[in-house]
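>>> Need the 3D shape of this:
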Amino acid sequence: MVKTKRQYVCQECGSTSPKWQGKCPDCGHWNTFAEEKVAQNRNGGQTLTGSADQVSRITEIDISDDHRFATHIAEFDLVLGGGVVQGSVVLIGGDPGIGKSTLMLQVIDRLGSVVGPVLYVSGEESSKQVRIRADRLDAVGENLYLLCETNLEEILHHIEQLKPKVVVLDSIQTIYLPSIESAPGSISQVRECAARVTQLAKTKNVSAFLVGHVTKDGAIAGPRALEHIVDTVLYFEGERHQTYRILRAVKNRFGSTNEIGIFEMQEKGLIEVKNPSELFLAERPAGVSGSVVVCSIEGTRPLLVELQALVTPANYGMPQRVSTGIEVRRVALLLAVLEKRSGMHLGTQDVFVNVAGGIHLDEPAVDLGVAAANLLCTFRKGSAAP
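This next block holds a predicted model:
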């Protein structure tokens, strides 16, 4: 028997409350609580696995079958840890227009040639629009099936009939369950739809990709629980006005989260970058002070990237410390060390630090490059090339 319950849900963090509140007590945002209706089953909900599994020794579980699918897109497989794990659920997020749908269409087309039938579900485009994009990307394999639908019940019905090995839902914010009386993209809809897709993946051994939107803060839109439900969380990053894109994993149950994949956006779609260092240094100007090349280890490979620094007098009030690609507190600490140990007077200077290429550097080894770039920009004129 189903009982309907009304509650208020924060649209930022997913916190629930029996009554409306002006400020969320968990995330601190204002005017984010919205009323939603939740259907509850008095007889209890379904389990995640959907089947009465038996207790068994871990050594008796058969894992002899090949449990990964290689997409033959080396950068993508590298980030996932060697390929797509059967029955896994992968969430990929990124800014609008960054190329998430392009990447997923290329990936699922490659998988179709390896594993058999695959299904691409679009909730944002029509069939003709997807076909036009597929023609441009040369992603029109015989095993690739297309469905334009937003009702999850209908989508699950088609999956039961087609029995694909891999499914892409583009995007999870447009999919809805009719049993939940809230708009598509709401906290309840996103959470329950993701849970149903995860249940399908685990019971039918179907690999699923969920494309997600991101908020203005860069986080994937929807409840935080969404990232806990899925097996892998990927972020697709890059400057929209540049051609290169970076794929990184922030959660991966089946591989490392230290690897990154680098792609270049071209007319025919996303192309793997075999030598990222050459790409990042291709536009580095010669004979410019404040520019140094630093080496950072990303996963299992070293990357050479350009680090830029600019030091100018603070003629407009309080000195600024602006950093892109490196945490601004690290930059402030390094500037304090330079001022204390080298005699530099930076208290009246604006300091700007930038990592070219959109790379975010966390490795302590680049601290020397930050210090060297500021020293060279302050005391030298001419090239800072190593």
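>>> Could you list the domains of the protein?
Using automatic domain parsing, the domain parsing of the chain gives 1-42, 67-274, 278-379.
>>> Ok, which of those domains comes nearest Gln54?
Checking the domains of the chain against Gln54 by Cβ to Cβ gives domain 67-274 as the closest, at 15.0 Å. Every residue, glycine included, has its C-beta placed from N, CA and C.
>>> On the three-state scheme, Leu91 is what?
In three-state terms, and counting by DSSP: H, G, I helix; E, B strand; the rest coil, Leu91 is strand.
>>> Looking at the domains of the chain, which one is packed in the most?
Compared across these, domain 67-274 shows the largest average neighbour count, a mean of 19 (mean count of other Cβ atoms under 10 Å).
>>> for Ile172, what are its contacts?
91, 190, 193-194, 210-212, 222, 226 (Cβ atoms under 8 Å, 6 or more residues apart in numbering).
>>> Leaving out chain neighbours, which residue sits closest to it?
Distances taken as Cβ to Cβ, 6 or more residues apart in numbering place Leu210 nearest to Ile172, at 4.4 Å, with adjacent residues excluded.
>>> Equivalent analysis for Ser182, please.
Glu36 (4.3 Å).
>>> With Ala332 instead?
In this structure, Ala332 finds its nearest non-sequential neighbour in Arg321, 5.4 Å apart by Cβ to Cβ, 6+ apart.
>>> Check the spacing between that neighbour and Val130 real quick.
Separation of Arg321 from Val130 (Cβ to Cβ, to the nearest Å): 46 Å.
>>> remind me which residues of the stretch 1-150 of the chain are low pLDDT?
Of all residues in the stretch 1-150 of the chain, those with pLDDT under 70 make up the ranges 1-4, 37-53, 64-66.
>>> And for this structure, the residue most distant from the center?
Gly343 (42.6 Å; Cα atoms, centre = their mean).
>>> Tell me who's in contact with Lys89.
Quick fix: residue 89 is Val, not Lys. With Cβ under 8 Å, 6+ apart, Val89 has these contacts: 194, 197-198, 201, 207-210, 229-232.
>>> Show me what it bridges to in the sheet.
Ala208 (DSSP bridges).
>>> Tell me which stretches of the stretch 251-386 of the chain form helices.
With DSSP state H, counting those that start in this stretch as the criterion, the stretch 251-386 of the chain has helices at 276-280, 328-341, 367-379.
>>> Columns distance to Val353 and mean pLDDT on top of those helices, output as TSV?
What follows is the helices of the stretch 251-386 of the chain, written out as TSV (distance: least, Cβ to Cβ, whole Å; pLDDT from 0 to 100):
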stretch	distance to Val353	mean pLDDT
helix 276-280	16	82
helix 328-341	5	90
helix 367-379	6	83
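>>> possible to save the ones you listed as CSV with distance to Arg136?
CSV is the format used below for the helices of the stretch 251-386 of the chain (distance: least, Cβ to Cβ, whole Å):
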stretch, distance to Arg136
helix 276-280, 23
helix 328-341, 40
helix 367-379, 40
